[in-house]
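K.L.:
coordinates only, no sequence provided:
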């Protein structure tokens, strides 16, 4: 058989820069003799192994006859020498207290108040006594006592203490009102107008989102389209669940009618109504809890949540402490209610049918998938607050003002002011 030539070997030699072999092609039918100095197949393998080693000199050796050696050279990688003149700051950074400060130690909080407060009714302000005369002293005292007990149960106030030297405590106010169902409600609030930026609050701690009215109408439409269950829940004392941040400390004096002694104040351990940062603190608590139940927030409205599990859908719409729950499965709805009740103190308002939610009166027939919204009661109360008897009004086809009169009444007695129109329009 003819001797094997270099051209018969498949790229065993190192490639040249132009990847072309300079060996002339063999003549047709005439075998090309193998040069004496040309490497054979075994030599090529040894040559390749020798080229891949780390002892290859930088100089190019003499090329074998009929072959072209690659002109590329192999250079050992540069390594850092600690003994060289390179500054140490380029390869390491000294660990100092300035460059790597230690994490701040947790602030030791004072003990929460453990005894219930009993006010002295004669020391209450004039606003309290006016409200008590209108709604009864016993009912007003019971409402105020419930609010003070709620502050102690939620561990909002610390034990009485001396205030720091450079800290001015914020004053408190007790708001009293009668709810739509006739119950009396007292609410302890902090006067936010006394807060100072950078002292006891920061601007990035004051914003808390709420679901829009459009989002709630969409949830109502989803409930009607899916014949889903629609219930509402209200979190009692919502702003008392979040802890105050350590970067700002807030101190308050004794509530109305209560005395702690001269110059004694309480530190707020949890948020309280009236604080600028209270809505944001509570929203963080509620959002963390809802996400832990495998809910996903809507990217366009962070207060609308959705969960899909085992083919069951459940939607949430959150407006501060009011929650609208729309669920396609009753067991899934009840499990969510139980989870919320384990975490918060809530008021279960039941089905949305024939109830009022954020000023909207709802009539919902789940079997038929029909849901109606109206504001008749709100409109009647607003008209009554302006001194207008809605039943005495008569419709007019063309209420044209003529000679300063509307019918038999002067125009000043009929037209509403701009603020009254805003009240009626909501």
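P.N.:
On my side now, so go ahead. Note that this is a predicted model, so its numbers are computed, not measured.
K.L.:
return the backbone torsion pair for residue 203.
P.N.:
Main-chain torsions, residue 203, degrees, to the nearest 10: phi -70, psi -30.
K.L.:
quick one: it and residue 277 touch, right?
P.N.:
No: using CB atoms under 8 Å as the test, residue 203 is too far from residue 277 to be in contact (9.8 Å). Any C-beta I mention is one placed from the backbone N, CA and C, and that applies to glycine too.
K.L.:
what about the two, which has more around it?
P.N.:
For residue 203 versus residue 277, neighbours defined as other CB atoms under 10 Å are more numerous around residue 277 (24 against 10).
K.L.:
any idea how far the closest residue in space to the more buried one that isn't next to it in sequence is from residue 172?
P.N.:
Take residue 277 and drop its neighbours on the chain: the residue closest to it by CB to CB, 6 or more residues apart in numbering is residue 205, 4.1 Å away. Using CB to CB, to the nearest Å, residue 205 is found at 20 Å from residue 172.
K.L.:
can you check residue 386 too?
P.N.:
Distance of residue 386 to residue 172, given as CB to CB: 33 Å.
K.L.:
ok, the two, which is more surrounded?
P.N.:
Between residue 386 and residue 172, counting by other CB under 10 Å, residue 172 is the more crowded of the two (18 against 11).
K.L.:
check contacts around that one.
P.N.:
188-191, 252-253, 255-256, 274 (CB atoms under 8 Å, 6 or more residues apart in numbering).
K.L.:
make it 7 Å
P.N.:
By CB atoms under 7 Å, 6 or more residues apart in numbering, the contact list for residue 172 reads 188-190, 252-253, 255.
K.L.:
next one: residue 270
P.N.:
Per CB under 7 Å, 6+ apart, neighbours of residue 270: 154-156, 240, 242-244.
K.L.:
give the contact list for residue 306.
P.N.:
Counted by CB under 7 Å, 6+ apart, residue 306 has contacts 295-296, 298, 315.
K.L.:
out of the residues you listed, which comes closest to residue 220?
P.N.:
residue 315 (10.5 Å; CB to CB).
K.L.:
and the closest one, how many neighbours does it have?
P.N.:
By the criterion of other CB under 10 Å, residue 315 has 23 neighbours.
K.L.:
what ranges do the strands span in the stretch 51-200 of the chain?
P.N.:
Assigned strands in the stretch 51-200 of the chain, in chain order: 172-178, 184-190 (criterion: DSSP state E, counting those that start in this stretch).
K.L.:
TSV for these, including distance to residue 198?
P.N.:
What follows is those, written out as TSV (distance: least, CB to CB, whole Å):
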stretch	distance to residue 198
strand 172-178	22
strand 184-190	17
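K.L.:
most tightly surrounded among those strands?
P.N.:
Among the strands of the stretch 51-200 of the chain, strand 184-190 has the highest mean neighbour count (mean count of other CB atoms under 10 Å), at a mean of 19.
K.L.:
packing partners for the next helix or strand after that strand?
P.N.:
Once the chain leaves strand 184-190, the next helix or strand it forms, by DSSP states H and E, is helix 213-226. For helix 213-226, the elements it packs on are strand 312-319, strand 322-327, strand 370-374, judged by 3 or more CB pairs under 7 Å, 6 or more residues apart in numbering; DSSP states H and E.
K.L.:
confidence-wise, which of those is weakest overall?
P.N.:
If the helices and strands packed on helix 213-226 are sorted by mean pLDDT, strand 370-374 sits at the bottom with a mean of 87.
K.L.:
can you list the strands that that strand pairs with?
P.N.:
Paired neighbours of strand 370-374 in the sheet (DSSP bridges): strand 360-365 (antiparallel).
K.L.:
so what touches the strand it pairs with?
P.N.:
Outside strand 360-365, the residues within contact range by CB under 7 Å, 6+ apart are 230, 352-355, 371-377.
K.L.:
for it, buried residues please.
P.N.:
Neighbour-count burial for strand 360-365, counted by 16 or more other CB atoms under 10 Å, picks out 360, 362, 364.
K.L.:
check stretch 364-375 too.
P.N.:
Using 16+ other CB under 10 Å as the test for burial, stretch 364-375 gives 364, 366, 371.
K.L.:
distance to residue 310 for the residues you listed - can I get that in a markdown table?
P.N.:
Listed next are the buried residues of stretch 364-375 as a markdown table, based on distance: CB to CB, whole Å:
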| residue | distance to residue 310 |
| --- | --- |
| 364 | 25 |
| 366 | 21 |
| 371 | 26 |
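K.L.:
what's the closest of those residues to residue 134?
P.N.:
Nearest member of those to residue 134, counting by CB to CB, is residue 364, at 36.5 Å.
K.L.:
if anything else comes up later, I'll come back, but that's it for now.
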